[in-house]
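1. Everything below, folded, please.
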Amino acid sequence: MEFSNPIVIWSCIGIVLMLAEIILPGGIVILLGAACLVVALALGVGVVEGIVQSLTLWFIVSMVLLLLCRQLTQKLVGGDSHVGNTDEEFDIYNQLATVKQDIGPAQQTGRIEFQGSEWSALGDGSVILAGTQVRIICRDNIALVVEPIEESVEHVKK
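-> Purely as a prediction, here's the structure:
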């Protein structure tokens, strides 16, 4: 058996790609390997000759298999199709933080501790004292906009 034979090369590539599906699950690599085996069969029958025709056939068969069989392989193989939250603004909204440096009055920034680090913070226009628990409303550039939690406001007033 000669390893420079295009039929053997396409067959080996197809088998390697199909086995690679074990490591790279998702149903795509196995279809690319199946397209290689189709090219090897076409070379063996004599339908195509040469590298250009082989690559063209492989590309066409790969596209057809991917378009026709992707749903089937996705069901059989599975894979992670969960898309998480891509907007970090939603993750910080309504979270609690502690004021480290007084915020306010008006647009005077202070500092809060949130998720283990300190952030610049703006208030609602009133003075928010250090130690007060606040709720994050939104973000304004690099500063977080906060409002005091009602229990903390009552505790500070006493």
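2. Report the contact partners of residue 44.
-> Residues in contact with residue 44 (C-beta atoms under 8 Å, 6 or more residues apart in numbering) are residue 7. The C-beta positions use only the backbone N, C-alpha and C, and glycine is treated the same way.
3. Can you spell out which helices and strands pack onto the helix or strand containing residue 139?
-> Taking DSSP states H and E as the criterion, residue 139 maps to strand 133-140. In terms of contacts (3 or more C-beta pairs under 8 Å, 6 or more residues apart in numbering; DSSP states H and E), strand 133-140 is packed against helix 88-92, strand 96-101, strand 143-148, helix 150-157.
4. looking at the ones you listed, which one has the lowest mean pLDDT?
-> Among the helices and strands packed on strand 133-140, helix 150-157 has the lowest mean pLDDT, at a mean of 52.
5. Give the buried residues for the longest helix seen in the chain.
-> Scanning the chain for the helix with the most residues, using DSSP state H, yields helix 50-77. By neighbour count on 16 or more other C-beta atoms under 10 Å, the buried set for helix 50-77 is 54, 57-58, 61-62, 65, 69, 73.
6. Can you list the low-confidence ranges for the chain?
-> 1-3, 73-74, 76-91, 151-158 (pLDDT under 70).
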